[in-house]
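Engineer: Need a 3D model of the sequence below.
(one chain, ligands or ions: 1)
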Amino acid sequence: TVQQGNKVDSHTVLYGVIGDPIRHSKSPLMMNRAFKETGINGIYTAFHIVPDQLANFIGGVRAMGIRGVNVTIPHKLDVMQHLDHIDDSALAIGAVNTIVNDNGRLTGYNTDGIGYVRSLKEEVESDLAGKRVLIFGAGGAARGIIYGLIQEKVGPIAVANRTAERAVQLAGDFSSRADVYAGEWDKLPELCADADLIINTTSVGMYPHTDGIPAEAAWLREGAIASDLIYNPLETRFLQEARGRGCRVHGGLGMFIYQGAFAFEYWTGTPAPVSAMRSCVLEALG
Ligand code: ATR
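Structural biologist: Numbering: from 1, shown residues only. Next up is the predicted model:
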């Protein structure tokens, strides 16, 4: 639905998000609020694109001159082969979450990592240089975050994953850029005690399984930063217990807002109205 106040006329520029499933996405609400707030004549919708329609969809982007697309599960990897250029962020991460269409030339970016870092710096700690990092999980989200953290010149990054081979693979993929290594899942207490910044990128603790916890808060050092990419609930059990332990905590909502804010800025060249976007998503989450 078009948000009240977004004028649609023959100059309106099209944007959207693709995924399968997609109807749960909060991106259309957030982005249309951003267009409304900045007075930009754009409209952003959700496209349910099944995998075998991906190539046709990209043809449609070119044909219709859709200016910007966000990409989510399951298309973040497969979409890359259809684009004209892949930015370093997306190359290093191995996934695209944002497409910019410049008069038919499609470039793929990944704003997850810079979105994460921007939110962490704004909400919790502005100086990440030298910080020792521990990451739970070795999926696409972990890759984005590692890319963002490397730009901030953090210290060593340990990756601990239930399936050890994925952590080894991921660490190998980044080892030429920074000190990234696979930590052992059964040495989590020691890994936690060593870390200044502990980040959960797994789905453990996500609604409706909110009892789940990726690590015991008792293993964390007081004053360390506990960070969770989950934003439903806004504060996971992991963060609640870490807070009780004397850690600084960082939830996942900021990353979601800022990955969208960076996409908005790439498309429009206009600073994103971040606080309006945040209140819009908070409202939608209830
Ligand atoms: P994303 O792109 O969001 O990172 P993903 O590639 O599916 O999604 O990765 C999900 C991560 O959560 C993986 O690291 C996964 O561990 P495995 O590689 O062992 O599957 C992790 N994960 C999911 N459920 C988990 C659980 N119950 N316990 C521990 N790790 C879990």
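
Engineer: Tell me who's in contact with whatever residue of the stretch 101-250 of the chain ends up closest to the ligand.
Structural biologist: Among the residues of the stretch 101-250 of the chain, Gly139 lies nearest to the ligand; the distance is 2.3 Å by CB to the nearest ligand atom. In short, each C-beta sits where N, CA and C put it, glycine included. The neighbourhood of Gly139, defined by CB atoms under 8 Å, 6 or more residues apart in numbering, consists of 166, 201-202.

Engineer: what do you get for Asn103?
Structural biologist: By CB under 8 Å, 6+ apart, Asn103 has no neighbours at all.

Engineer: Quickly list the domain ranges of the chain.
Structural biologist: Listed by automatic domain parsing, the domain ranges of the chain are 13-110+255-285, 113-251.

Engineer: and the shortest one, does that touch the ligand?
Structural biologist: No - residues of domain 13-110+255-285 contacting the ligand under CB under 6 Å from any ligand atom: none, with a closest distance of 7.3 Å.

Engineer: What's the mean pLDDT across that domain?
Structural biologist: Per-residue pLDDT values over domain 13-110+255-285 give a mean of 97.

Engineer: Centre of the chain to that domain, how far?
Structural biologist: 12 Å (CA atoms, centre = their mean, to the nearest Å).

Engineer: same check, this time on the longest one
Structural biologist: Relative to the centre of its chain, domain 113-251 is centred 13 Å away, using CA atoms, centre = their mean.

Engineer: end to end, how far does it reach?
Structural biologist: 15 Å (CA to CA, to the nearest Å).

Engineer: what mean pLDDT would you report for it?
Structural biologist: 97.

Engineer: Around the ligand, which positions in the stretch 101-250 of the chain sit nearby?
Structural biologist: 137-142, 161-163, 166, 201-204.

Engineer: Let me have those residues in CSV, extended by distance to Thr268 and secondary structure.
Structural biologist: Formatted as CSV, these follow (distance: CB to CB, whole Å; DSSP: H, G, I helix; E, B strand; the rest coil):
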residue, distance to Thr268, secondary structure
Gly137, 32, coil
Ala138, 34, coil
Gly139, 30, coil
Gly140, 26, helix
Ala141, 26, helix
Ala142, 29, helix
Asn161, 37, coil
Arg162, 40, coil
Thr163, 40, coil
Arg166, 36, helix
Thr201, 29, coil
Thr202, 33, coil
Ser203, 32, coil
Val204, 36, coil
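
Engineer: Turn the buried ones among the residues you listed into a named PyMOL selection, would you?
Structural biologist: Paste this into PyMOL to select the buried members of these, with burial taken from 16 or more other CB atoms under 10 Å:
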select buried, resi 137+138+140+141+142+161+166+201+202+204
